[in-house]
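Asker: What would the 3D arrangement of this be:
(chains A and B)
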Amino acid sequence: DAGVIQSPRHEVTEMGQEVTLRCKPISGHNSLFWYRQTMMRGLELLIYFNNNVPIDDSGMPEDRFSAKMPNASFSTLKIQPSEPRDSAVYFCASRRNKNIQYFGAGTRLSVL
Amino acid sequence: GIQVEQSPPDLILQEGANSTLRCNFSDSVNNLQWFHQNPWGQLINLFYIPSGTKQNGRLSATTVATERYSLLYISSSQTTDSGVYFCAVPMDTGRRALTFGSGTRLQVQP
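Answerer: Next comes the predicted model:
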């Protein structure tokens, strides 16, 4: 199994630009999670989907962030417009009905 | 939500030494995972251990659910064990997303 695949691995952009992060969950997994890791706040949930439906978006910081899961094998996290405080590592994770979450390698975002 | 505390925050060991990392959580949980974040930033699953004891090579973990803590044991540490170790539990009863402790940063010196 290829594991959870995230792209790009690194993204450098300028303030105000749109950023799109991508995630392919493990085949057969029905829940997908987006987390963000910063020095100040550690690892925190942004949003999660179950069977492609957003269930809990309480961690999405503001309207500049949006996430979609158009099908079981693909999800995007979009930031528009991006700000320097969005700089972080963004992780995608997936799980099947059992409780183990598996994490992708992360996308390191730098907003200048 | 459920709170997670990890100790110690930092640990420096000589290669070959043993260590114990602790994770306390504030409420009953049906899910607990230990992760290792390596120096390249990857989060690697170590254990899924809501209760009981498991072993995987030089690593083992014990969760005492009734007393709301889990322990991760590392024996005969190697430099490749360096990184940050996280404990994670569900954010709240019935929620699938995880809340993470602040981690234990381990440095194993040759």
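Asker: burial of residue 75, as a residue count?
Answerer: If you meant another chain, say so; for now it's chain A. 24 (other C-beta atoms under 10 Å in any protein chain shown). To be clear about C-beta, it is placed using only N, CA and C from the backbone, and glycine gets the same treatment.
Asker: Correction: the question concerned chain B.
Answerer: 14.
Asker: what's around B:C87, how many residues?
Answerer: Around B:C87 there are 32 residues (other C-beta under 10 Å).
Asker: Next, it: secondary structure please.
Answerer: Using DSSP: H, G, I helix; E, B strand; the rest coil, the structure places B:C87 in strand.
Asker: close enough to count as contact, it and B:F100?
Answerer: Yes. At 7.3 Å, B:C87 and B:F100 qualify as touching, with contact defined as C-beta atoms under 8 Å.
Asker: what do those two both touch?
Answerer: Residues touching both B:C87 and B:F100 by C-beta atoms under 8 Å, 6 or more residues apart in numbering or on different chains: B:V4.
Asker: my guess is B:P90 meets B:F100, correct?
Answerer: No. Using C-beta under 8 Å, B:P90 is not in contact with B:F100, being 11.3 Å away.
Asker: now B:T104, which residues is it bridged with?
Answerer: B:Y85 (DSSP bridges).
Asker: next one: phi and psi at B:E67?
Answerer: phi -110, psi 0 (degrees, to the nearest 10).
Asker: show me the contacts for it.
Answerer: Applying C-beta under 8 Å, 6+ apart, no residues qualify as near B:E67.
Asker: got it, and A:N50?
Answerer: A:N30, A:S31, B:R96.
Asker: redo that, cut-off 10 Å
Answerer: A:N30, A:S31, A:L32, A:F33, A:D56, A:M69, A:R95, B:R96 (C-beta atoms under 10 Å, 6 or more residues apart in numbering or on different chains).
Asker: Among the residues you listed, name the buried ones.
Answerer: A:S31, A:L32, A:F33, A:D56, A:M69, A:R95, B:R96 (16 or more other C-beta atoms under 10 Å in any protein chain shown).
Asker: Flag every residue of chain A that's near chain B.
Answerer: A:9, A:31, A:33-35, A:37, A:41-48, A:50, A:55-56, A:58-59, A:89, A:91, A:93, A:95, A:98-106, A:108 (C-beta under 10 Å from any C-beta of the partner chain).
Asker: buried stuff in stretch B:75-93?
Answerer: Applying 16+ other C-beta under 10 Å to stretch B:75-93 flags B:S77, B:D81, B:S82, B:G83, B:V84, B:Y85, B:F86, B:C87, B:A88, B:V89, B:P90, B:M91 as buried.
Asker: nope, stretch A:31-46 is what I was after
Answerer: A:S31, A:L32, A:F33, A:W34, A:Y35, A:R36, A:Q37, A:G42, A:L43, A:E44, A:L45, A:L46.
Asker: swap in stretch A:83-91?
Answerer: A:D86, A:S87, A:A88, A:V89, A:Y90, A:F91.
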